[in-house]
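Participant: sharing a model prediction with you, sequence too.
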2 protein chains.
Amino acid sequence: MKARIHITLKNGVLDPQGKAIQSALGAIGFDGVDDVRQGKFMEIELAETDETKARSTLEAMCEKLLANTVIENYAIDLGD
Amino acid sequence: MKARIHITLKNGVLDPQGKAIQSALGAIGFDGVDDVRQGKFMEIELAETDETKARSTLEAMCEKLLANTVIENYAIDLGD
């Protein structure tokens, strides 16, 4: 089973990487960029085939390793 | 207009960061992880309201700055 995980900074948390991208875009002539937020994206291939078990495993992975839940949110999309 | 951009490594390109995550997950007891691929994810807020123009601007941004198109693919999702 394939899962797609998005890890994004919580609202209100400063995102210097996003700001750097925004200013770099401005510097090469892209105007009208109001905001950029940078996050992480992972594709995980699991041996588990049961969707409920896979989701609970993925949540545990995010809580323990993949996301820093003090400042980051995570979202799990399960595919096939 | 809000856009979500996914930047992922092309198939066949080695992903040492993904492999590191996979082995770290194994080390803390998560078995059955067959593969991990790490990518980037960006949320960009554009002043542009026309969808066609926004998409072409975003494609140019990806080609020029955001993605390394030799080894990376990008995907653009436009929201409102």
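Facilitator: Perfect, thanks for sending it.
Participant: and the residue with the largest distance to the centre of chain A, what pLDDT?
Facilitator: Most distant residue from the mean C-alpha position of chain A: A:Gly29, 27.4 Å away (CA atoms, centre = their mean). According to the per-residue confidence, A:Gly29 scores 95 in pLDDT.
Participant: one more: A:Gly79?
Facilitator: 81.
Participant: how about it: what's its closest non-neighbour residue?
Facilitator: A:Lys2 (4.5 Å; CB to CB, 6 or more residues apart in numbering or on different chains). C-beta coordinates here come from the backbone N, C-alpha and C atoms, glycine included.
Participant: again with A:Thr49
Facilitator: Nearest one to A:Thr49, counting by CB to CB, 6+ apart, is A:Met1 at 5.7 Å.
Participant: residues contacting that neighbour?
Facilitator: With CB atoms under 8 Å, 6 or more residues apart in numbering or on different chains as the criterion, the residues that contact A:Met1 are A:Glu45, A:Leu46, A:Glu48, A:Thr49, A:Glu51, A:Ala54, A:Leu78, A:Gly79, A:Asp80.
Participant: what's the most distant pair in these?
Facilitator: A:Glu45 and A:Glu51 (14.5 Å; CB to CB).
Participant: wasn't A:Phe30 part of a helix?
Facilitator: No - secondary structure of A:Phe30 (DSSP: H, G, I helix; E, B strand; the rest coil): coil, not part of a helix.
Participant: was I right to think it contacts B:Leu58?
Facilitator: No - taking contacts as CB atoms under 8 Å, A:Phe30 lies outside contact range of B:Leu58: 9.4 Å.
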